[in-house]
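# what shape does this take:
(chains A and B)
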Amino acid sequence: MRWVAVSLACLGAVRSAPAVVSGDIYGPGSTQIPLASVPLKGSGDADAPALGARFASILAKDLELSGYFKALDPRSFPERPDTMGLTADTTDFTAWNATGAQDVVKGAITVNGGRVQLEARMFDVPSQVEVSAVGRRFEGSAADVPRMAHRMADTILEYLTGERGPFDSQILFTSRRGGPLKDVYVFDFDGDPPRRLTNERAIVVAPRWHPSGDEFLFVSYRRHLPQLYRQALGSRTARSVVSGRVAILNGAWSPDGSKLLVARDVGGNTDIYLLDSAGKPLRRLTDHWGIDVSPTWAPDGRHFAFCSSRSGSPQIYVMDIDGGGLRRVSFHGSYNTSPAWAPKGDRIAYTTRQNGFQIVVAGADGTGGRLVTRDGVNEDPSWAPDGRYLVFSARRGGRRVLVMTDREGRMQRELTTGQGDDTSPAWSPRRDY
Amino acid sequence: MRRARTGAVVIICVVALLGSWGCKKKGPSPLDGDLAGERGGLDEGGLAGRGSMARVQRGELPEEDGILKDVRFSYDSAELDEEAQRIASQNAAWLRANPTAKVEIEGHCDERGTIEYNLGLGSRRAKAAKDYLVTAGVDSSRISTISYGKELPLCHEQNESCYARNRRVHFVVLGQ
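Numbers count the residues shown, from 1 in each chain, chains lettered A, B, ... in the order given. Below you'll find the predicted structure:
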């Protein structure tokens, strides 16, 4: 952390460009800052240069996904990892200026017996200074290098926008990659293909994270009835959550992990129930002949939103966790489903039927709703842990892919490539350091 | 960085799982002993291999019609219209005439709309069909319901005739 100590105070004065700008004036997808992410200077083990290049390419990809940056082609870089300097004094800002770069990230990686020490620094080309607030030093194993790159990207976004970035995270989803039946997969931003986590060979729906990020819930028909299972991320076995032959269509852990909300199917009627974390029923929250599904917790743990057809068409409702205070929060159209409460509590995203199916982001009271997609089939939004980005499932050219957007709908980025039929995304909470 | 190391473990496990992926099929998912209890009077052991999911697990398509004809629905509706009631009425007559037969009613939806809501809609369709049969004199203990939402379509075309086939309840007859 030695170079973080360098003069934080002068930053505001020196950096003329965007400095800290709050989200909406300067948003993702408007002007993109040209940035050079240079492969790190490697020393120690033979794989150090390759790891340093991997760090730089993951960082560049994250920053491009964010919508705030355009990553420049490494072939245009005037400095080389093995010979470049790592201070402002030894950086050829004139040459970088000629490439169009406004920011340059470079650094060094030392690998000894698989142990990694890594430093990365950002330089502002127009003002010819190191942006010391963004400098980071990491230690870990070679396998940790992708996460180091994600945390560097999150730090750069925090410096630029005042909100930490979302990239040190993962996204669960279901996919038909193995044939007609589904499994739960996990996507991270490392550039590797998504990994399959379950081996159900059945219908699998509704994956949801435990707030720790260590475990997930899903519904599987592996024993004929749809039932709720939990599985640790590092495990290959899933455990049943609710004992007995209880049909559950979807479930969600409370923000503190102590309770579950589930949509239970009793003889063809679905209602929302509150369970303790061991799966024992605490309270029946809805009691209506209509469809009640897809509960999503408010981050304060005192309210939840769900989808109900009690008015005759599916709409989004909010209820207090004691079963009182029911209020409808979707007001337009005759088909509003799959609510997702934002991690800051201020917004709810959901799917609406309009010119196909679109994603709406509205205030938690339902007001101020706006479409963040325009056409086609876009469904099942899930919020990034920063509350700025969302992921949803979209039909693109006959396939379902995961698409990332921001809460204003200014940019879209496809995260998966259409190798499978990717649905029901769930963006993880922030990972621990 | 503790979590990242766990990630490496996951990769190893998934590789291990993938290793077994290519092995011969193990047949339909086991409906093993701890499922032998009763649900709506039905022993699910008897369902092995009969329902739509088991067919798909064997690489077959879900069955359209059977001993009993499928009942179809309008978009986002769980109401039995005149034609649906005519078919449900014939199905009820067959069940009254075959009093040892049991039936599982599967609710299905077309591909439009979200996965979880469609699971709820499929439940309602199955319940609507069950309620019709019970009103028509079939003992409710002979009937169970399950929803597959839009997960097990009969066809994949994006046109109304395909959607209409997929918006159905299917009757799986057991132990006639």
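# does residue 90 count as helix, strand or coil?
I'll assume chain A. Put simply, residue A:90 is coil when judged by DSSP: H, G, I helix; E, B strand; the rest coil.
# not quite, go with chain B.
With three-state DSSP as the criterion, residue B:90 reads helix.
# quick check, it in contact with residue B:70.
No - assessed by C-beta atoms under 8 Å, residue B:90 is found out of contact with residue B:70, at 11.8 Å. In this view, the C-beta of every residue, glycine as well, is placed from N, C-alpha and C.
# for the chain, which spans come out with low pLDDT?
Defaulting to chain A. The model of chain A has pLDDT under 70 over residues A:1-27, A:29-30, A:178, A:432-433.
# wrong chain, I was asking about chain B
Within chain B, the stretches with pLDDT under 70 are B:1-48, B:176.
# dihedrals phi and psi, the residue of the stretch 251-400 of chain A at minimum distance from chain B?
The minimum distance from the stretch 251-400 of chain A to chain B, using C-beta to the nearest C-beta, falls at residue A:268 (2.4 Å). The phi and psi torsions at residue A:268 (degrees, to the nearest 10) take the values phi 100, psi 0.
# ok, now which ones touch it?
Residues in contact with residue A:268 (C-beta atoms under 8 Å, 6 or more residues apart in numbering or on different chains) are B:107, B:123-124, B:126-128, B:130, B:145, B:147.
# keep only those that also lie close to chain A.
Among these, proximity to chain A is found for B:107, B:123-124, B:126-128, B:130, B:145, B:147 (C-beta under 8 Å from any C-beta of the partner chain).
# in chain B, which spans are strands?
For chain B, the strands defined by DSSP state E cover B:38-39, B:42-43, B:71-72, B:102-108, B:143-149, B:168-174.
# what's the distance between the closest residue to the residue of the stretch 251-400 of chain A closest to chain B other than its chain neighbours and residue A:28?
What sits nearest to residue A:268 in space, not counting adjacent residues and going by C-beta to C-beta, 6 or more residues apart in numbering or on different chains, is residue B:127, at 2.4 Å. Plainly put, residue B:127 is 45 Å away from residue A:28 if you go by C-beta to C-beta, to the nearest Å.
# could you find the closest non-adjacent residue to residue A:156?
residue A:134 (5.5 Å).
# surely the one you found touches residue A:155?
Yes - under the criterion of C-beta under 8 Å, residue A:134 makes contact with residue A:155 at 5.7 Å.
# which one of those two has more residues nearby?
Neighbour totals were compared for residue A:134 and residue A:155, and residue A:134 leads with 22 against 19 (other C-beta atoms under 10 Å in any protein chain shown).
# list the contacts of the more buried one.
Residue A:134 is in contact with A:121-122, A:152, A:155-156, A:159, counting by C-beta under 8 Å, 6+ apart.
# save the ones next to chain A among the contacts of residue A:268 as JSON lines, and put in neighbour count too.
Converted to JSON lines, these look like this (neighbours: other C-beta atoms under 10 Å in any protein chain shown):
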{"residue": "B:107", "neighbour count": "30"}
{"residue": "B:123", "neighbour count": "29"}
{"residue": "B:124", "neighbour count": "24"}
{"residue": "B:126", "neighbour count": "29"}
{"residue": "B:127", "neighbour count": "24"}
{"residue": "B:128", "neighbour count": "22"}
{"residue": "B:130", "neighbour count": "25"}
{"residue": "B:145", "neighbour count": "28"}
{"residue": "B:147", "neighbour count": "27"}
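# and residue 153, how many neighbours?
Went with chain A since none was named. Residue A:153: 28 surrounding residues under other C-beta under 10 Å.
# let's do chain B instead
Residue B:153 has 22 nearby residues by other C-beta under 10 Å.
# nearest residue to it in space, please, no chain neighbours.
Counting by C-beta to C-beta, 6+ apart, residue B:153 lies nearest to residue B:166, which is 4.6 Å off, once chain neighbours are set aside.
# ok, that neighbour to chain A distance?
14 Å (C-beta to the nearest C-beta, to the nearest Å).
# mind listing what the residue lying closest to residue A:357 once chain neighbours are set aside touches?
Among residues not flanking residue A:357 along the chain, residue A:377 sits closest, at 4.9 Å (C-beta to C-beta, 6+ apart). Residues near residue A:377 by C-beta under 8 Å, 6+ apart: A:356-357, A:394-395.
# ok so residue A:377 is a strand residue?
Yes - under three-state DSSP, residue A:377 falls within a strand.
# how close does it get to residue B:95?
Distance, residue A:377 to residue B:95, using C-beta to C-beta: 39 Å.
# can you tell me the closest non-neighbouring residue to the spatially most central residue of chain B?
Nearest residue to the geometric centre of chain B (C-alpha atoms, centre = their mean): residue B:106, 3.8 Å. By the measure of C-beta to C-beta, 6+ apart, the closest residue to residue B:106 outside its immediate chain neighbours is residue B:170, 4.5 Å from it.
# what sits against the most centrally placed residue in chain A?
Against the mean C-alpha coordinate of chain A, by C-alpha atoms, centre = their mean, the closest residue is residue A:384 at 3.6 Å. Contacts for residue A:384 (C-beta under 8 Å, 6+ apart) come out as A:166, A:169, A:343, A:390-391, A:404, A:427.
# next: residue A:163.
Residue A:163 neighbours (C-beta under 8 Å, 6+ apart): A:23, A:157, A:386-388.
# so it: helix, strand or coil?
Using three-state DSSP, the structure places residue A:163 in coil.
# separation between it and residue A:66?
Where residue A:66 is concerned, residue A:163 sits at a distance of 11 Å (C-beta to C-beta).
# check residue B:79 too.
Distance of residue B:79 to residue A:66, given as C-beta to C-beta: 48 Å.
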